[in-house]
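1. Build the 3D model from these lines:
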Amino acid sequence: MRVITTRELKERAGELRGQEVCLQGWIRNHRKQKNMGFIDFFDGTCFKNPQVVYDSGIENWEEVTGLHIGAAVTVVGTVVESYKDPTTPEVQARQITLEGDCAEDYPLQPKRHSVEFLREIAYLRPRTRLFQAVFRVRSVASMAIHTYFQERGYLYVHTPLITANDAEGAGNTFTVTNQEMGKPYKAEEDFFGRPTSLAVTGQLEGETFAMAFSKIYTFGPTFRAENSNTKTHAAEFWMIEPEIAFCDLQQLMDVEEDFLKYLVAEVLVKCADELAFLDKFTGGGLIDKLTALKDSRCARVTHEEAITILREANKDGRFQFEPKYGEDTAKEHEKYLTEEYFHSPVFVYDWPKDIKAFYMYQNDDGKTVAAVDLLVPGAGELMGGSQRETRYDRLTDRMKELGISGEQMYWYLNLRRYGGCTHAGFGMGFERLLIYLTGVDNIRDVIPYPRTPQSCDF
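-> Numbers count the residues shown, from 1 in each chain. Just a heads-up that it's a prediction; the model follows:
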């Protein structure tokens, strides 16, 4: 008999009703009565799983009643309608075979566990309903990212994870070396012959491919040695970074808005059961928030206009941090702009030059660059991008101001000499997106094995 998945069983419930099927998976819960038993069964292929019911007429009653929570089993039985949940059928078992027993000290007993406890057993937490939902959303969102770009003619580029440049200039990088720690560093004896680190971004290499393929994107892991223990920081995280030739800042905002709405729409459709669970788990409002974003129109304001709006709102001293021209915005400012003033996502563009990266296009006012952040209700900044500086002299002058070696970055500068053109791109942290999509507010709970300060378990 062919083994089917619970996903297939749910999708073909009407067709399979009354037929015998074979399932393979694990026991989440096992409730035993005098002459009957009920198994909360799952195989990970869908969120709402069938209940397996058996009675004293089953072939190996004594063995089946002794099955432990967490055990792997094969179930053969007839598909019947469930009175508990009409959308998910039940299986009346005639045979249940133990494939792999589970010890009685199995940590995931049928009770609610804290997310902090589950992080301690990260190798088991994918079996819980919460993380079945979270990682299903992660998978669907990953595929949606590729689908969006592939269907629109973008080339997928695998940029290097080991690099000799720090594109963000922050210096928070992990050194990569084969030399023994604690001894004087000798570049000539290093594996690469020069200082190298794990990449914080694939943007610069992505730009080289955009100058050959017009539209490209990267989607992979990046690394930052930032000693931060906040809910939104991790040492290893994934980034989505498209780069588009012949594209200016306004066109880039069009792409960002369309891209985000596409991802949200895909998750709303393909993860309906998971989102319904997460909506309850996080206290409600998640599905309404995502639906509102999908149907909204993003506002657009310059940084100067945004600060003016915030300063006007701050006349009664409502903000803890005073909004200032030429400076970054705080979380409370982003919350006000998205949730109280515009009631929609907001693009804030033309940022002060002094607080942005060297590669951003310098505007004619000499004070700002063609950079943009997308702020969304309930999360704040979700994407950051810019039109890139294409004028060789402007770029070299800016690099000198910031102490960035033009000799080391000669290849990047040469892009401006060898057929350069207006181009732009943005970056979005994948885990930041997942926090927004799931309502789970800690980055440690939307990535399978989080890497954070003093923590590299599993």
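
2. contacts, neighbours, all on C-alpha from now
-> Noted.

3. element containing E381?
-> strand 380-387 (DSSP states H and E).

4. so what does that strand touch, helix or strand wise?
-> Judged by 3 or more C-alpha pairs under 8 Å, 6 or more residues apart in numbering; DSSP states H and E, the packing partners of strand 380-387 are helix 249-270, helix 331-335, strand 368-376, strand 423-429.

5. Now render the ones you listed as CSV, adding mean pLDDT.
-> What follows is the helices and strands packed on strand 380-387, written out as CSV (pLDDT from 0 to 100):
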stretch, mean pLDDT
helix 249-270, 98
helix 331-335, 96
strand 368-376, 97
strand 423-429, 97
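
6. Let me know which of those is the nearest to R391.
-> strand 423-429 (11.6 Å; C-alpha to C-alpha).

7. Need the CA coordinates for the helix or strand just after the closest one. PDB is fine.
-> Sequence-wise, the next helix or strand downstream of strand 423-429 (DSSP H and E) is helix 430-438. The C-alpha coordinates for helix 430-438 follow below in PDB (Å, rounded to 0.1, in the frame of the first residue of the first chain):
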ATOM      1  CA  PHE A 430      14.700  37.600   6.000                       C
ATOM      2  CA  GLU A 431      14.300  37.000   9.700                       C
ATOM      3  CA  ARG A 432      12.900  40.600  10.200                       C
ATOM      4  CA  LEU A 433      10.300  39.700   7.600                       C
ATOM      5  CA  LEU A 434       9.500  36.500   9.400                       C
ATOM      6  CA  ILE A 435       9.000  38.300  12.700                       C
ATOM      7  CA  TYR A 436       6.500  40.500  10.900                       C
ATOM      8  CA  LEU A 437       4.700  37.600   9.100                       C
ATOM      9  CA  THR A 438       4.400  35.400  12.100                       C
END
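
8. which residues are contacting helix 430-438?
-> The set of residues external to helix 430-438 that reach it, using C-alpha atoms under 8 Å, 6 or more residues apart in numbering, is 134, 137-138, 232, 237-240, 264, 275, 278-279, 286, 290, 378-379, 382, 441-443, 446-447.

9. low-scoring pLDDT stretches of the stretch 351-458 of the chain, where are they?
-> Applying pLDDT under 70 to the stretch 351-458 of the chain flags no residue at all.

10. Could you double-check that T97 lies in contact with V75?
-> Yes. Contact criterion C-alpha atoms under 8 Å: T97 and V75 qualify, at 6.5 Å.

11. the more surrounded of these two?
-> Neighbour totals were compared for T97 and V75, and V75 leads with 22 against 15 (other C-alpha atoms under 10 Å).

12. that's a strand at the more buried one, yeah?
-> Yes. Assignment of V75 by DSSP: H, G, I helix; E, B strand; the rest coil places it within a strand.

13. ok, so what distance separates it from I69?
-> V75 is 15 Å from I69, where distance means C-alpha to C-alpha, to the nearest Å.

14. same check, this time on V21
-> 22 Å.

15. out of these two, which sits in the busier spot?
-> Taking neighbours as other C-alpha under 10 Å, V21 and I69 compare with I69 leading, 24 against 21.

16. got a list of what that one touches?
-> I69 makes contact with 27-30, 102, 106, 109, according to C-alpha under 8 Å, 6+ apart.

17. Can you give me the pLDDT of it?
-> I69 is assigned a predicted lDDT (pLDDT) of 97.

18. Mind jotting down where the strands sit in the stretch 101-250 of the chain?
-> 155-156, 162-163, 175-176, 196-198, 215-223, 236-245 (DSSP state E, counting those that start in this stretch).
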